[in-house]
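Q: Sequence first, predicted coordinates after that:
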Amino acid sequence: MADCIFCKIAAGEIPSTKVYEDDHWFAFRDIEPCAPVHILVIPKKHVDNILAFDEEYNKNFADFFLVIKKIAEAEGLKENGFRLVINTGEKAGQSVFHFHAHIIGGREMGWPPFPAND
């Protein structure tokens with residue numbers, strides 16, 4: 001998608017702090033982290049969000065959780081855990097409409113994970 005910021009980041013057109021890349025996935029540090037470790041994991045192939053998946057597209061996601069595991073282990077999150085957040089839709093907090101997951105860790109997190117906006 002020509003105007004998608006995450007497509008441009010994955011293509012190297014916009015600089016980022018890359019932490020992982022393979023044929024299907026790209027991961028980089030969030031520019032406004034909410035924790036010591038805050039990494040965004042995106043597919044290189046554009047899809048707006050989970051609701052845009054179909055059977056064919058889902059085949060590209062076969063290794064999603066293994067990629068998350070590799071990144072979490074490389075970031076030292078195995079011992080104390082981490083949160084995996086996927087927002088779907090504007091009212092759920094999705095601000096970039098390219099599927100992405102947030103790996104958030106390095107601090108204790110209660111529930112709800114973020115303070116309510118007043």
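A: In hand now; what should we look at?
Q: Report the central residue of this protein.
A: Relative to the mean C-alpha position of the chain, the nearest C-alpha, by Cα atoms, centre = their mean, is the one of residue 101, at 2.6 Å.
Q: where do the helices sit along the protein?
A: 5-10, 55-58, 64-74 (DSSP state H).
Q: in this protein, which strand has the most residues?
A: In terms of residue count, the longest strand belonging to the chain (DSSP state E) is strand 37-43.
Q: Quick check: which helices or strands does it pack against?
A: helix 5-10, strand 25-29, helix 64-74, strand 101-105 (3 or more Cβ pairs under 8 Å, 6 or more residues apart in numbering; DSSP states H and E). (C-beta placed from N, C-alpha, C; glycine too.)
Q: ok, now with 7 Å
A: Packed against strand 37-43, as judged by 3 or more Cβ pairs under 7 Å, 6 or more residues apart in numbering; DSSP states H and E, are the following elements: strand 25-29, helix 64-74, strand 101-105.
Q: Restrict it to CA atoms and write it as CSV.
A: Coordinates of the C-alpha atoms in strand 37-43 are reproduced here as CSV (Å, rounded to 0.1, in the frame of the first residue of the first chain):
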residue,chain,number,x,y,z
VAL,A,37,10.9,-3.0,25.8
HIS,A,38,8.3,-2.0,23.2
ILE,A,39,8.6,-3.6,19.8
LEU,A,40,6.2,-3.6,16.9
VAL,A,41,6.0,-6.7,14.7
ILE,A,42,4.5,-6.3,11.3
PRO,A,43,4.0,-8.5,8.3
